[in-house]
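Chemist: For reference, the sequence and a predicted model appear below.
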Amino acid sequence: MKETENTTPSHFIRNVIVSDIENNKNDGRVHTRFPPEPNGYLHIGHAKAICLSYGLAEEFKGLYNLRFDDTNPTKEESIYVDKIIEDIKWLGFNWQERLFFASDYFDQLYEYAVKLIKKGKAFICDLSPDEMRETRGTLTSPGTNSPYRNRTIEENLDLFEKMKAGEYPDGTRVLRAKIDMSSGNMNMRDPVMYRILHADHHRTGDKWCIYPTYDFTHGQSDSIEGITHSLCSIEFEDHRPLYDWYINELEIFHPQQIEFGRMSINYTVVSKRKLIQLVESGIVNGWDDPRMPTLSGMRRRGYTPMSIRNFLDLTGVAKHNSTVDFALLEHSVREDLNKIAPRRMAVLNPLKVIIDNYPDDLVEEMDAINNPEDESAGTRKVPFSKELFIEHSDFMEDPPKKFFRLGPGREVRLRYGYFITCNEFVKDEKSGEITELHCTYDPASRGGNSPDGRKVKATLHWVSASHAVKAEVRLFSHLFMSENPEAVEDGVDWKTNINPESLEVLSEAMLEPCLKDEKPGYKCQFERQGYFCLDEFDSSPDHLVFNRTTTLRDTWARIQKQAKKGK
RNA sequence: UGGGGCGUAGCCAAGUGGCAAGGCACGGGGUUUUGGUCCCCGCAUCCGAAGGUUCGAGUCCUUCCGCCCCAGCCA
């Protein structure tokens, strides 16, 4: 924590706040907000915005609000409100009683609109959407004034009233601000403030049939709430002049908007539009699929709030959009989980081992350390017996030099168990697969120590066959095969980059027995393999389902990779 | 040919005229009953490019190049 503060001293937004406080702007108040639209789940990009706005408020002893910007009833649902609240709470933030909805301000916003009409700064326009587009001009040429631009204030007031009363069908009229059709900033070309939408709203029901646009809502909502620093992403930078225009014409409190660059991560997509497509096409199993970069998905996969917040600290804040390496995210979870996750032994792909010289009916309880990084985690007993399972990948019939594990005639240590030597192996003639190992153990090496000081090059994890608990284990890898899935040639669907092997299900995993009573959400390290988490939804006492959060750093895998490249 | 923004290592990112922090990744070594953790070492003569100002420029000026956003009655 301290380290990250040292290495990332500050950023331009914090600097602005510090100087505002020094200058006693807003009486030194700091009040931020996070303004999601309830039309989807929160993802890691939103988490950045949340941690920034809320984190800064906490840092400067200020306040923060949660406000849903729910101005489009055709796209928003209350289920998303619930999920968003759940996810932000999980991240560790508490906005106390300051939960708001832009829809709470619909009456006020209507009055603001009337005020602008009365000032001659807004008018009712009867142009169709197509006509409006045609008269808006292009990026390089100015637009032309609407023929309705010079209606009288009285007529505008009357028409707006009738729009509100439901006298016109959808799309027939809008209320527009009267600004400048020749502005280089497209947002200033007489933007729409209100549109007719005969749709039920998730909170206001059928009270309204006209709804304010986001641009006519957002800035004023911040103003109403007394927000001092309105942080938002960079694409809204050229909306700021519009927000300022509304605020100034309305003569209301002026929050300061500051924009920051959006963050994405390689090998995934972080755009609500694309995440929705993944969900609706069935490519993933819902918004909370552990492969999704949503907070719900990451929680289900086993990420901790701490790991996400540290990750966001490490990535920093800047004005340009960035694509952060997935490896940094993995580093952040490992860093957290290494400290807090208990160690357990689990064999993912079991290979039967029979200790020929071990007594048939003997079961020994071996002492195992729960977490070498945390002495207070204590120890536990693990049963050892004649028949065990080890990892299939821990044996090779004809091992290369750098392979330290079991092979014919080799000796290794079973963690907290004994030294064993492999004498023979059984092979399925047809498949060529190794099915069983016969070994002998050294009774003097109990617990894994060698009394004569002899060394072995490897320590393997194992579980006693008759005591093991069977489980399903889900291994996840990148959802996409390419670093930047969105970068596709024209006409090519970005979804062609999907990694068909992003989910691997192992149904025969064998776990050490103490794991059978753990609750959903339980996290631990399977020694030598990675960090795992009991699935929130699919796991039950008689059918355990573990999700792999991430692997351990794997030097052996790297050596193999290098060897392959060398060839 | 409009407006706005941004370019420091493979990825993030400090730096605010005094001689290129840090993290991740990568490579090498040590410790180790996890090929984990931990610990050491290495990794930009150079800051998108070219000119200029200055004793001195990533920081200031000029020009150029590249990338992102904007033509929803979406947010």
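Modeler: Sure, I can see it. These numbers were taken from a predicted model, which means no experiment stands behind them.
Chemist: show me where the stretch 201-350 of chain A has helices.
Modeler: Ranges of helices in the stretch 201-350 of chain A, per DSSP state H, counting those that start in this stretch, are A:214-224, A:240-250, A:272-280, A:295-301, A:305-315, A:326-340.
Chemist: Reformat these as CSV; add mean neighbour count and mean pLDDT.
Modeler: The C-beta positions use only the backbone N, C-alpha and C, and glycine is treated the same way. What follows is these, written out as CSV (neighbours: other C-beta atoms under 10 Å; pLDDT from 0 to 100):
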stretch, mean neighbour count, mean pLDDT
helix A:214-224, 23, 98
helix A:240-250, 18, 98
helix A:272-280, 16, 95
helix A:295-301, 24, 98
helix A:305-315, 21, 97
helix A:326-340, 18, 98
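Chemist: Any idea which of those gets closest to residue A:547?
Modeler: With C-beta to C-beta as the measure, helix A:295-301 is the member of the helices of the stretch 201-350 of chain A nearest residue A:547 (5.4 Å).
Chemist: From the rest of the structure, what touches the closest one?
Modeler: Outside of helix A:295-301, the residues within contact range by C-beta atoms under 8 Å, 6 or more residues apart in numbering are A:41-44, A:46-47, A:83, A:86-87, A:90-91, A:287-292, A:308, A:476, A:533, A:535-537, A:547, A:549.
Chemist: please redo it, this time with the cut-off set to 6 Å
Modeler: For helix A:295-301, contacts defined as C-beta atoms under 6 Å, 6 or more residues apart in numbering pick out A:41-42, A:87, A:287-290, A:536, A:547, A:549.
Chemist: If we ignore the residues flanking it in sequence, what's nearest the closest residue to RNA strand B within the stretch 351-500 of chain A?
Modeler: Nearest to RNA strand B in the stretch 351-500 of chain A, going by C-beta to the nearest atom of the strand, is residue A:448, at a distance of 2.2 Å. Of all residues not flanking residue A:448 in the chain, residue A:413 sits nearest, at 5.1 Å (C-beta to C-beta, 6 or more residues apart in numbering).
Chemist: just checking, the one you found touches residue A:447?
Modeler: No - applying C-beta atoms under 6 Å, one finds residue A:413 not in contact with residue A:447, separated by 9.8 Å.
Chemist: if you count what's nearby, which of those two comes out ahead?
Modeler: residue A:413 (21 against 13; other C-beta atoms under 10 Å).
Chemist: can you confirm that one is in a strand?
Modeler: Yes - with DSSP: H, G, I helix; E, B strand; the rest coil as the criterion, residue A:413 is located in a strand.
Chemist: Look up which residues are beta-bridged to it.
Modeler: Here residue A:413 shows beta-bridge partners residue A:419, residue A:459, assigned using DSSP bridges.
Chemist: which residues touch it?
Modeler: A:419, A:448, A:456, A:459.
Chemist: who wins for neighbours among those?
Modeler: That'd be residue A:419 among the contacts of residue A:413, by other C-beta under 10 Å, with 22 neighbours.
Chemist: Please read off the pLDDT at that residue from the model.
Modeler: You'll see residue A:419 listed with a pLDDT of 98.
Chemist: and what of residue A:7?
Modeler: Looking at residue A:7, its pLDDT is 49.
Chemist: any idea how far the residue nearest to residue A:211 when sequence neighbours are not counted lies from residue A:163?
Modeler: Once flanking residues are discounted, residue A:211 sits nearest to residue A:197: 5.0 Å by C-beta to C-beta, 6+ apart. Distance, residue A:197 to residue A:163, by C-beta to C-beta, to the nearest Å: 11 Å.
Chemist: out of these two, which sits in the more crowded spot?
Modeler: residue A:163 (20 against 17).
Chemist: Correct me if wrong: the more buried one contacts residue A:210.
Modeler: Yes - Residue A:163 lies in contact with residue A:210 (C-beta under 6 Å); the separation is 5.1 Å.
Chemist: what is in contact with these two at once?
Modeler: residue A:196.
Chemist: and the residue of the stretch 451-567 of chain A found nearest RNA strand B, what are its phi and psi?
Modeler: Taking C-beta to the nearest atom of the strand, RNA strand B has its nearest neighbour within the stretch 451-567 of chain A at residue A:555, 3.3 Å off. Backbone torsions of residue A:555, given as degrees, to the nearest 10, read phi -70, psi -40.
Chemist: For it, grab the count of nearby residues.
Modeler: Counted with other C-beta under 10 Å, residue A:555 comes out at 8.
Chemist: Next: the one 3 residues further on.
Modeler: Counted with other C-beta under 10 Å, the neighbours of residue A:558 add up to 10.
Chemist: quick one: low-confidence ranges for chain A?
Modeler: A:1-9, A:565-567 (pLDDT under 70).
Chemist: What are the structural domain limits within it?
Modeler: Following automatic domain parsing, one finds the domains of chain A at A:23-260, A:272-342+A:471-566, A:346-461.
Chemist: out of the ones you listed, which comes closest to residue A:266?
Modeler: Checking the domains of chain A against residue A:266 by C-beta to C-beta gives domain A:272-342+A:471-566 as the closest, at 4.3 Å.
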